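Visitor: 3D, please:
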Amino acid sequence: MSYTNTESEWGTIAKTLHWLIGVMIVLQLIMGWLFTLRVFPGPVQSQLVLNFHIPVGVTVLGLGLIRLLWRFANVRPPLPSNMTWWEHLLANGSHTYLYMAMIAMPLTGWIATSGFGGPVTWFGGIGLPALVATEAKETGRPLTNLFSQMHYWVAVGLTLVFVAHAAGALRHHFGLKDATLALMLPKGWVPR
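Guide: Next up, the predicted model:
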């Protein structure tokens with residue numbers, strides 16, 4: 001198997017980034033929705049979630065940028081030929097949204113956290129710079145609220161698109177019985 005993509009298959013690097021980022025996004029969405037729905041009983045538990053959520057988000061941002069650069073630097077295997085024009089449109093649109101969300105979610109969260117005055121750290125306690133100045137509580141924190149709302153609505157879209165993306169992959173594998181899912185998995189994991 002090649003590390004780079006070929007005309008007919010995704011390479012090891014693209015597959016690894018796809019699944020690694022995908023797992024992290026699922027964890028982020030679960031934590032984010034549990035936090036938003038106030039499932040955690042108190043501030044200590046909420047802070048523990050944020051202490052994990054923020055560094056994972058920063059990691060998604062870094063890996064997302066690498067993945068985006070890798071995608072532009074490599075050939076892309078074509079979408080399956082058995083797809084209709086509207087399926088091509090949905091596939092391309094969902095992929096575009098997923099790439100944009102990989103960048104927008106962490107950035108909007110980082111800006112909102114900075115505006116609120118919270119620390120943005122990476123694993124090991126590595127502090128990252130604030131992207132905006134802390135807003136005083138008395139001002140109503142308009143910038144912080146704007147980016148918090150953007151973070152929320154991108155998460156809503158990401159949740160919907162992620163579910164549709166996974167459903168589409170399963171439809172291709174089990175319904176259409178083509179190699180779409182198999183091409184994104186290591187060779188031999190599922191028959192092609």
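Visitor: shaky segments in the chain?
Guide: For the chain, applying pLDDT under 70 flags the ranges 1, 192.
Visitor: hey, where'd the helices end up in it?
Guide: Assigned by DSSP state H, the helices in the chain fall at 12-36, 43-73, 85-116, 142-170, 180-184.
Visitor: who's in contact with the residue lying closest to Ile21 once chain neighbours are set aside?
Guide: With CB to CB, 6 or more residues apart in numbering as the measure, Leu63 is the residue that lies nearest to Ile21, at 5.3 Å, once sequence neighbours are left out. C-betas here are computed from N, CA, C, even on glycine. Shown in contact with Leu63 (CB atoms under 8 Å, 6 or more residues apart in numbering): Leu17, Leu20, Ile21, Met24, Met102.
Visitor: Could you rerun that using 10 Å?
Guide: Leu63 is in contact with Thr16, Leu17, Leu20, Ile21, Met24, Trp70, Met102, counting by CB atoms under 10 Å, 6 or more residues apart in numbering.
Visitor: circling back to that earlier point, make JSON lines from the helices of the chain and add distance to Ile126 to it.
Guide: As requested, these are arranged in JSON lines below (distance: least, CB to CB, whole Å):
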{"stretch": "helix 12-36", "distance to Ile126": "18"}
{"stretch": "helix 43-73", "distance to Ile126": "9"}
{"stretch": "helix 85-116", "distance to Ile126": "14"}
{"stretch": "helix 142-170", "distance to Ile126": "22"}
{"stretch": "helix 180-184", "distance to Ile126": "32"}
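Visitor: how about these, which one is nearest Pro129?
Guide: Among these, the nearest to Pro129 by CB to CB is helix 85-116 (8.3 Å).
Visitor: in the closest one, what counts as buried?
Guide: Neighbour-count burial for helix 85-116, counted by 16 or more other CB atoms under 10 Å, picks out 87, 90-91, 94, 97-98, 100-102, 104-116.
Visitor: Just give me how far that helix sits from the chain centre.
Guide: The chain centre lies 7 Å from the centre of helix 85-116; the measure is CA atoms, centre = their mean, to the nearest Å.
Visitor: Next, work out how far apart the residue of the chain positioned farthest from its centre and Gly109 are.
Guide: Computed with CA atoms, centre = their mean, the residue of the chain farthest from its C-alpha average is Glu138, at 33.6 Å. Glu138 is 24 Å from Gly109, where distance means CB to CB, to the nearest Å.
Visitor: What is the burial count for the closest residue in space to Met24 that isn't next to it in sequence?
Guide: Distances taken as CB to CB, 6+ apart put Val60 closest to Met24, at 5.2 Å, once the chain neighbours are dropped. When neighbours are counted by other CB atoms under 10 Å, Val60 registers 23.
Visitor: give the contact list for Val60.
Guide: By CB under 10 Å, 6+ apart, the contact set of Val60 is 20-21, 24-25, 27-28, 67, 101-103, 105-106, 109.
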